[in-house]
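# Provided below are the primary sequence and the corresponding predicted coordinates.
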Amino acid sequence: MNLSGNTILITGGGSGIGLALAKVFIQLNNRVIICGRNLEKLKTAKQKFPSVEIIQCDVSDENSVETLVREIQENYPDLNFLVNNAGIMKMWNIQHETTNIQEQKAEILINFFGTVQLTQSLIPQLLKQKKSFVLNVSSALAFAPMSAAPIYNAMKAAIHSYSISVRQQLQNTSIKIFEVLPAAIETQMAADMEKIIGIEDSGPKMSPEKLAALIIRGLKNNAYEMRPGMANLLYHLHRFFPLLAQNMIRKQSDKILSKL
């Protein structure tokens, strides 16, 4: 695929993976729009990369997504690349009576329904383009779940299944569907999670910049399903030695659950 001259929308683009992708896409001479809930993060990103365009949006809110779609249709009619990256990860000990159902619902909306609504809403516009692309950022936990994050696991598994389904439906159209399923990434979300549960280091992590570089390589090679770094090792380990993979992940998960 051609990685230059595109108009790209990245959700959750104010930090982490989204911002790393925005940087590399700008370097490749694309027009990049980032959106997110936190306006200050978006403004900070624009200070770093003046050419990036920002839109405040909460993908967990249907009305906010509808407003975003209208703005894209009106101001960016040539949009041909959507990156569904926005997401949150929370740890839950479901045996606790204080488990917050509303927060679990919010996690579902952000990690799954927001992607479905935005993708579905933009498909008519993407179909008008000569070539268009959707990149869904999933997780290795889609196929090798960690019990301490039951909602996150389930929603990433849903994104994985959704990506396969829409890829098949759209295979004879101008839209190509990509998915990346990374393992642990060194983001502020990961650091905040470790702080909340009282764990200094939950294991080795890939930098967002390295992940972005691997994603670009995968896109160049038309790799519709990307499992970078440890994610690929975990995938094959879980496929051929499922009990071994589950025990490895469970040790870390039990450590987290003991802190909750």
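All right, it came through fine.
# for Gly114, phi and psi?
When read as degrees, to the nearest 10, the backbone of Gly114 gives phi -60, psi -40.
# any idea how far the closest residue to Met91 other than its chain neighbours is from Arg227?
Excluding the flanking residues, the one nearest Met91 by Cβ to Cβ, 6 or more residues apart in numbering is Ala148, at 4.8 Å. Any C-beta I mention is one placed from the backbone N, CA and C, and that applies to glycine too. Counting by Cβ to Cβ, to the nearest Å, the gap from Ala148 to Arg227 is 22 Å.
# between these two, who's got more neighbours?
Taking neighbours as other Cβ atoms under 10 Å, Ala148 and Arg227 compare with Ala148 leading, 26 against 22.
# OK, contacts around that one?
Applying Cβ atoms under 8 Å, 6 or more residues apart in numbering, we find Ala148 in contact with 91-93, 253, 256-257, 260.
# Repeat the analysis, applying 10 Å as the threshold.
89-94, 193, 197, 249-250, 252-260 (Cβ atoms under 10 Å, 6 or more residues apart in numbering).
# now do Val166
By Cβ under 10 Å, 6+ apart, the contact set of Val166 is 116, 119-120, 123, 134, 136, 175, 177.
# Quick check, pLDDT for it.
Among the per-residue scores, Val166 shows a pLDDT of 98.
# and it, helix, strand or coil?
Three-state assignment for Val166 (DSSP: H, G, I helix; E, B strand; the rest coil): helix.
# Need the buried ones from the contacts of Ala148 selected in PyMOL.
In PyMOL syntax, the buried subset of the contacts of Ala148 is picked out as below (16 or more other Cβ atoms under 10 Å):
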select buried, resi 89+90+91+92+193+197+249+252+253+256+257
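# so where's this protein uncertain?
188-203 (pLDDT under 70).
# Strands of that one, residue ranges please.
7-11, 31-36, 53-56, 81-84, 132-137, 175-180, 225-226 (DSSP state E).
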